[in-house]
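In: Sequence plus predicted model, see below.
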Amino acid sequence: MSEIMKRLTTREIEDLIPYPPGKPIEELEREMGISGSIKIASNENPLGPSPLAVRAIIDNVTKINRYPDGSGYYLKKKLSEKHNISSDRIILGNGSNNIIELAIRTFLKRGEEVLQAFPTFLFYEKITKSAGCRLISIPLRDFRIDLEAILNSVTKKTGLIFINNPNNPTG
């Protein structure tokens, strides 16, 4: 059993609700009886992939039977050069969920608090609760993150603050 599950009570585990991923556009259209819709949720691009990305895929399609470089050496090298920072200061992940979970599991202890604006990205709540931490939601003010209210909510138990820009769903 993982260390995380050892720390959660049976009740806390039973109270966890899985994150509902966005539906594929085909499923959404089928359910709603529509066609030709443009989906802008789930960070999807209605214009399709970049021609540069398509070219990179085509150029590398014969290598898809191999695992990629898990450390992201070449990507980190390019990012390091572009942003003039050391590559050992760059953390890569498989999407934002992976990075959010890594931050929570690395920097928080059971019982600590996480602050977030609300409404916001649902995954913050899911992973915070699964780590046995308490989530404090600070309402948006005029559809904007209320930084002053977040600052005033910081306590000795605050271990992490999520401030996303753009915010989801208010962007």
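Out: Looks like it arrived, so ask away. The structure presented is a predicted model; accordingly, all values stated were derived computationally and were not measured. Residues are numbered from 1 along each chain as shown.
In: What are the buried residues along stretch 57-77?
Out: Under the neighbour-count criterion of 16 or more other Cβ atoms under 10 Å, stretch 57-77 has 72, 76 buried. (C-beta placed from N, C-alpha, C; glycine too.)
In: Show the end-to-end separation of it, please.
Out: End-to-end span of stretch 57-77 (Cα to Cα, to the nearest Å): 20 Å.
In: same check, this time on stretch 12-31
Out: End-to-end distance of stretch 12-31 (Cα to Cα): 33 Å.
In: same question for that stretch, mean pLDDT?
Out: In this model, stretch 12-31 has a mean pLDDT of 81.
In: from memory Arg105 sits against Ala131, does it?
Out: Yes. Counting by Cβ atoms under 8 Å, Arg105 does reach Ala131; the two are 6.3 Å apart.
In: Secondary structure element for Lys109, which one?
Out: Assigned by DSSP states H and E, Lys109 falls within no helix or strand.
In: Just give me the neighbour total for the closest residue to Ser35 other than its chain neighbours.
Out: Excluding its sequence neighbours, the residue lying closest to Ser35 (Cβ to Cβ, 6 or more residues apart in numbering) is Glu29, at 5.5 Å. For Glu29, the neighbour count with other Cβ atoms under 10 Å is 15.
In: rewinding a little: looking at Arg105 and Ala131 now, which is surrounded by more residues?
Out: Ala131 (22 against 13).
In: Who are the contact partners of that one?
Out: Contact analysis of Ala131 by Cβ atoms under 8 Å, 6 or more residues apart in numbering lists 4, 104-105, 108, 110.
In: how about a cut-off of 10 Å?
Out: 4, 7-8, 12, 101, 104-105, 108-112, 114, 159-160 (Cβ atoms under 10 Å, 6 or more residues apart in numbering).
In: Separate out the buried members of the residues you listed.
Out: Judged by 16+ other Cβ under 10 Å, buried ones among the contacts of Ala131: 8, 101, 104, 108, 112, 114, 159-160.
In: Could you export those as JSON lines, including distance to Arg89 and secondary structure?
Out: JSON lines is the format used below for the buried ones among the contacts of Ala131 (distance: Cβ to Cβ, whole Å; DSSP: H, G, I helix; E, B strand; the rest coil):
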{"residue": "Leu8", "distance to Arg89": "32", "secondary structure": "coil"}
{"residue": "Glu101", "distance to Arg89": "20", "secondary structure": "helix"}
{"residue": "Ile104", "distance to Arg89": "20", "secondary structure": "helix"}
{"residue": "Leu108", "distance to Arg89": "21", "secondary structure": "coil"}
{"residue": "Glu112", "distance to Arg89": "24", "secondary structure": "coil"}
{"residue": "Val114", "distance to Arg89": "23", "secondary structure": "strand"}
{"residue": "Gly159", "distance to Arg89": "21", "secondary structure": "strand"}
{"residue": "Leu160", "distance to Arg89": "19", "secondary structure": "strand"}
